[in-house]
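> sequence-free structure coming up:
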Ligand SMILES: Nc1ncnc2c1ncn2[C@@H]1O[C@H](COP(=O)(O)OP(=O)(O)O)[C@@H](O)[C@H]1O
Ligand SMILES: [Mg+2]
């Protein structure tokens, strides 16, 4: 695969947080490619700079050195319209019904609201919330709120979804369920997803590729394709291949 | 309103919802019965104490004597005086809401304005507003004007402060999310900040109601020729305690009416979950 086809190219990216008192090197040398349609799981310990890399991709942070390129000849990319974000907290607006929360990006972008509403309806169906379009966020469980947040990230049909530990605040069971849901949604939507997590199992289970970052400052420790078939079920976690992958990451993070 | 959400696959939940709604209804009914009964009991105890204890009426009037003053319209002009007081209270209160919210919005838009004026406003707030009464009289002479101003000056700071806090209370990650969509400042303000600040504004308004009533009455004590505060000073001379009690009740009613309006607006404008109790 030649690198010119990659949808995202990060090359020797370096990020320093500057403040009056001191400069803090958060990301030192991160290089990886993401192919269109891939689900890349970025894993590393807390505070290692995962969010920083994601914010650089989102265009929210500048970087010092290196290059970040998103979009290719085959896949054009418009930074204003082609990013959907999901965070650890659902960040739904309390005073809006679920459907209107999902529609927020469409409103901001000034899209045709009739079409957007129809799309939002389909998306709610896809994330399993079709009966809750007119509910308020507080009537939903944490997992359901996060599904709504995923629908919101998809409503303007962006090419790239950035997820920052989206299931980190959920209980273990809901989290497993959401992992399966995400794989299904990814399969149905065909989006390119960069998924940040500090869960090693989660990274291997979800990722078609895993990028491992080590702490202080974030450095690339590994970048490999996960050769497990899709669609995946929870059973694969008990396979030897899965164990090999997770062990490989544990070793890199010095936890063996 | 929130219970008629359509969720076909969740019939069990729906049934459960109806059950809890019924239970909540019973609960509310019990609460109201208790409220009314306790108020009646208090009135009865008051009447019994005065009648059986043979308390002098100029020290402490009985509830019946107090309510009897309502019949002597020519002496007290309840309707007129209550309207005058209500005008000061409502005028000062709504002026404070308009000015407080507007200033908070301006301050949230301009860091410089905020840093320049906020400390000054907080210092000015240290002045006991009641002490300004005589000065307002010099400036605006007697009447509604100075009373509205006293009520306004005493109650606008809580609204300014709660609104300021509400406008700033936005998850930074939510700002990140809309910034990736190139949301304009105006969009962030109208879609996120202002609706998010509403519960804060209402909590400031609830505090402000009580203060506005106090401000208006003090104004009427010192600088008025009409209104319930003025009426109290008038009948005090004749030791008409019953009249004074009734005036206090009417003042309370004005405050309760305004509070009720604020609660009603909150109910209409703020989703249940976001309300600050
Ligand atoms: N705005 C900032 N200013 C200064 N330092 C920051 C800022 N944001 C993050 N950091 C620091 O950079 C490091 C990486 O942070 P982050 O990217 O959030 O890590 P992760 O998401 O992997 O937990 C941390 O040590 C954090 O304290
Ligand atoms: Mg993080």
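Received the coordinates, thanks. Model, not experiment: these values are computed from the prediction. Ligands and ions are numbered 1, 2, ... in the order given.
> excluding chain neighbours, what is closest to residue B:273?
residue A:138 (3.6 Å; CB to CB, 6 or more residues apart in numbering or on different chains). Just so you know, the C-beta spots here come from the backbone N, C-alpha and C atoms, and that holds for glycine as well.
> whoops, I mixed them up, residue A:178
Here the residue nearest residue A:178, using CB to CB, 6+ apart, is residue A:167, at 4.9 Å.
> isn't that neighbour right next to residue A:179, touching?
Yes: Residue A:167 is within contact range of residue A:179, at 7.0 Å (criterion: CB atoms under 8 Å).
> mutual contacts of those two, please.
residue A:202 (CB atoms under 8 Å, 6 or more residues apart in numbering or on different chains).
> so between these two, which is more surrounded?
residue A:167 (26 against 20; other CB atoms under 10 Å in any protein chain shown).
> quick one: contacts for that one?
Residue A:167 sits in contact with A:146, A:174, A:175, A:178, A:179, A:197, A:202, where contact means CB under 8 Å, 6+ apart.
> wait, a strand at it?
No: counting by DSSP: H, G, I helix; E, B strand; the rest coil, residue A:167 is located in no strand; its state is coil.
> check contacts around the residue of the stretch 151-256 of chain A found nearest chain B.
In the stretch 151-256 of chain A, the residue that lies nearest chain B is residue A:156 (7.5 Å; CB to the nearest CB). By CB under 8 Å, 6+ apart, the residues touching residue A:156 are A:81, A:84, A:105, A:106, A:109, A:111, A:116, B:181.
> in JSON lines: those residues, plus secondary structure and distance to ligand 1.
Formatted as JSON lines, those follow (DSSP: H, G, I helix; E, B strand; the rest coil; distance: CB to the nearest ligand atom, whole Å):
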{"residue": "A:81", "secondary structure": "coil", "distance to ligand 1": "25"}
{"residue": "A:84", "secondary structure": "strand", "distance to ligand 1": "19"}
{"residue": "A:105", "secondary structure": "helix", "distance to ligand 1": "23"}
{"residue": "A:106", "secondary structure": "helix", "distance to ligand 1": "28"}
{"residue": "A:109", "secondary structure": "helix", "distance to ligand 1": "27"}
{"residue": "A:111", "secondary structure": "coil", "distance to ligand 1": "31"}
{"residue": "A:116", "secondary structure": "helix", "distance to ligand 1": "31"}
{"residue": "B:181", "secondary structure": "coil", "distance to ligand 1": "21"}
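> burial check on the nearest residue to residue B:255 once chain neighbours are set aside, number of neighbours?
Setting aside the residues directly before and after it, residue B:255 is nearest to residue B:213 in space (CB to CB, 6+ apart), at 4.2 Å. Using other CB under 10 Å, residue B:213 has 26 neighbouring residues.
> confirm residue B:213 sits in a helix?
Yes: using three-state DSSP, the assignment for residue B:213 is a helix.
> which element, helix or strand, includes residue B:268?
Element membership for residue B:268 (DSSP states H and E) is helix B:241-269.
> buried set for that helix?
B:241-247, B:250-251, B:254-255, B:258, B:262, B:266 (16 or more other CB atoms under 10 Å in any protein chain shown).
> hmm, who's touching stretch B:82-92?
B:144, B:147-152, B:154-155, B:212-213, B:215-217, B:219-220, B:224, B:226-229, B:250-251, B:253-255, B:257-258.
> run the chain-centre distance for that stretch.
Distance of stretch B:82-92 from its chain centroid, counting by CA atoms, centre = their mean, to the nearest Å, is 12 Å.
> ditto for stretch B:120-129
Put simply, stretch B:120-129 sits 21 Å off its chain's centre (CA atoms, centre = their mean).
> give me the contact list for that stretch.
By CB under 8 Å, 6+ apart, stretch B:120-129 touches B:103, B:150, B:153, B:154, B:157, B:160, B:215.
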